[in-house]
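> Sequence first, then the predicted structure, then my questions.
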Amino acid sequence: MRILEFDEKRKMMRLHIESEDDLWVLHLIIEKGDSVIAKTSRDIGLGRESRRVPMTIMLKVDYTEFQEFTNRLRIHGIIEDAPERYGIKGAHHTINLDVGDEIIIIKEHWSKYAIDRLNKQANKRSNILIILADFDEYLIAIPYQQGIKILSERTLKSLSEDEGVIEENAEEIVKEITNYISQYKPDAILIAGPGFFKEIIAKKLNTNIKVYIDSVSTATRSGLHEILRRDIIDKIMVDYEISRGIKQLEKAMELLAKQPNMVTYGLDQVKNAAQIGAIETLLIIEDFLSVNNEEERLQIENLLEEIENKRGEIIIVPKESPIYYQLKSLTGILAILRFSVN
């Protein structure tokens with residue numbers, strides 16, 4: 001994401017969308033009552049016929065809709081401004097925002113949380129390709145803030161089928177990795193597996209991108225969850241919220257068992273802890289940030305702003321995170337405390 005302009009007096013921000021994660025963040029930031037300006041197209045009646053006409057409009061937002069791992073954000077609302085000749089002011093419309101598009105967002109009030117979140121996204125540049133490989137199976141994935149996207153997951157020829165099967169399987173994996181490098185342009189590559197097959201792949205991979213190697217017990221989704229718990233992920237992607245979220249929830253579960261007074265959960269309890277600066281780390285599911293009720297949303301934004309102002313860390317847990325449902329069962333909002341709160 002690039003922030004092209006922020007006019008505080010006019011309460012508007014102009015942005016260029018560079019990734020799917022940018023769209024997900026906008027889904028959390030754009031709320032009912034905001035106005036957005038963007039290019040779109042609409043069917044316009046011309047005599048007995050109609051055709052789809054490109055135009056730029058201003059839309060009063062009703063709600064946004066985002067489907068994980070797509071490159072499109074749908075913004076629904078009422079047209080506030082459009083070319084007069086089309087006579088479509090006041091009509092319902094949906095803007096489909098894609099990677100590569102620009103958008104202007106106008107808010108009555110820009111919260112510190114919203115501005116900080118967009119600045120953080122604009123400064124985020126890390127992108128990592130994860131490959132888990134064993135002699136007869138492999139998995140390729142790419143982590144987004146919205147969750148883990150599995151790009152490929154396959155079983156290969158077994159070692160008993162052919163003497164040259166190791167080389168053949170390695171070549172097949174390297175070919176697929178090369179295609180994904182071209183498509184996703186990662187900043188780093190992590191190759192992990194239970195044996196020495198990962199080193200064979202790393203040697204065959206001809207790339208200028210930094211390659212990291214690590215060991216896991218299996219080249220499956222179980223191995224993927226294992227690697228997400230490792231410090232190497234933090235080394236490669238310091239900002240990667242899913243990895244941090246998993247570790248922090250594990251820490252919270254351990255504290256609940258041993259020092260339950262150092263963890264609190266539930267909105268009212270978290271608010272009380274935030275008021276006295278007791279929150280060290282907050283885990284919150286994304287549902288809290290995508291509610292359409294303006295009062296509830298403002299309440300959450302004020303809470304997050306208060307926690308950040310008192311140097312607390314905030315980790316947003318998306319629906320695709322492995323810990324989403326576990327956290328949701330604990331009310332969806334949980335805090336690790338600096339000190340005990342009655």
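Yep, that arrived. This structure is a prediction, so every number in the text was calculated from the model and none was measured.
> only C-alpha atoms for contact and neighbour calcs from this point on.
Noted.
> any idea which helix or strand carries residue 224?
Taking DSSP states H and E as the definition, one finds residue 224 inside helix 221-228.
> Would you map out the domains in the protein?
2-123, 128-236, 241-337 (automatic domain parsing).
> Reformat the ones you listed as CSV; add mean neighbour count and mean pLDDT.
Shown next, in CSV, are the domains of the chain (neighbours: other Cα atoms under 10 Å; pLDDT from 0 to 100):
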stretch, mean neighbour count, mean pLDDT
domain 2-123, 16, 91
domain 128-236, 17, 89
domain 241-337, 18, 92
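> rewinding a little: restrict the helix holding residue 224 to CA atoms and write it as PDB.
Output of helix 221-228 as PDB, limited to C-alpha atoms (Å, rounded to 0.1, in the frame of the first residue of the first chain):
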ATOM      1  CA  ARG A 221      -0.100 -28.800   7.100                       C
ATOM      2  CA  SER A 222       0.900 -30.100  10.500                       C
ATOM      3  CA  GLY A 223       4.500 -29.200   9.600                       C
ATOM      4  CA  LEU A 224       3.300 -25.800   8.400                       C
ATOM      5  CA  HIS A 225       1.700 -25.000  11.800                       C
ATOM      6  CA  GLU A 226       4.900 -26.200  13.400                       C
ATOM      7  CA  ILE A 227       7.000 -23.800  11.400                       C
ATOM      8  CA  LEU A 228       4.700 -20.900  12.200                       C
END
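> Residues in contact with that helix: which ones?
132, 139, 216-217, 233, 242-243, 246, 322 (Cα atoms under 8 Å, 6 or more residues apart in numbering).
> try stretch 83-102
Residues from elsewhere that reach stretch 83-102, judged by Cα under 8 Å, 6+ apart: 14-20, 23, 38-40, 44, 55-57, 59, 71-82.
> quick one: that stretch to chain centroid distance?
26 Å (Cα atoms, centre = their mean, to the nearest Å).
> quick one: terminal-to-terminal distance for it?
19 Å (Cα to Cα, to the nearest Å).
> need the longest strand for the chain.
strand 49-66 (DSSP state E).
> now the strands: where do they sit in the stretch 151-300 of the chain?
188-193, 210-215, 263-265, 279-285 (DSSP state E, counting those that start in this stretch).
> Nearest to residue 341, out of these?
strand 263-265 (8.4 Å; Cα to Cα).
> neighbouring contacts of the closest one?
With Cα under 8 Å, 6+ apart, strand 263-265 has contacts from 252, 255-256, 270, 330-331, 333-337.
> I'd say residue 66 and residue 74 touch.
Yes - with contact defined as Cα atoms under 8 Å, residue 66 reaches residue 74; the gap is 6.4 Å.
> can you map out the helices along the stretch 201-342 of the chain?
Ranges of helices in the stretch 201-342 of the chain, per DSSP state H, counting those that start in this stretch, are 221-228, 231-236, 241-258, 267-275, 294-309, 324-328.
> Using CSV, write out every CA atom in the third one.
Written as CSV, here are the backbone C-alpha positions of helix 241-258 (Å, rounded to 0.1, in the frame of the first residue of the first chain):
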residue,chain,number,x,y,z
GLU,A,241,0.9,-11.2,12.9
ILE,A,242,-0.3,-14.8,12.6
SER,A,243,3.0,-16.2,13.9
ARG,A,244,3.1,-13.7,16.7
GLY,A,245,-0.6,-14.4,17.5
ILE,A,246,0.0,-18.1,17.8
LYS,A,247,2.9,-17.6,20.2
GLN,A,248,1.1,-15.1,22.3
LEU,A,249,-2.0,-17.2,22.6
GLU,A,250,0.2,-20.1,23.7
LYS,A,251,1.7,-17.8,26.3
ALA,A,252,-1.8,-16.8,27.5
MET,A,253,-2.9,-20.4,27.8
GLU,A,254,0.2,-21.2,29.9
LEU,A,255,-0.5,-18.2,32.1
LEU,A,256,-4.2,-19.1,32.6
ALA,A,257,-3.0,-22.5,33.9
LYS,A,258,-0.3,-21.1,36.2
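> In terms of secondary structure, what does that helix contact?
Judged by 3 or more Cα pairs under 8 Å, 6 or more residues apart in numbering; DSSP states H and E, helix 241-258 is in contact with helix 221-228, helix 231-236, strand 263-265, strand 279-285, strand 313-317.
> Could you point out which of those sits nearest residue 118?
Comparing those by Cα to Cα, strand 313-317 comes nearest, at 13.8 Å.
> tell me the angle the closest one makes with strand 279-285.
10 degrees (axes from the mean of the first three to the mean of the last three Cα atoms, to 10 degrees).
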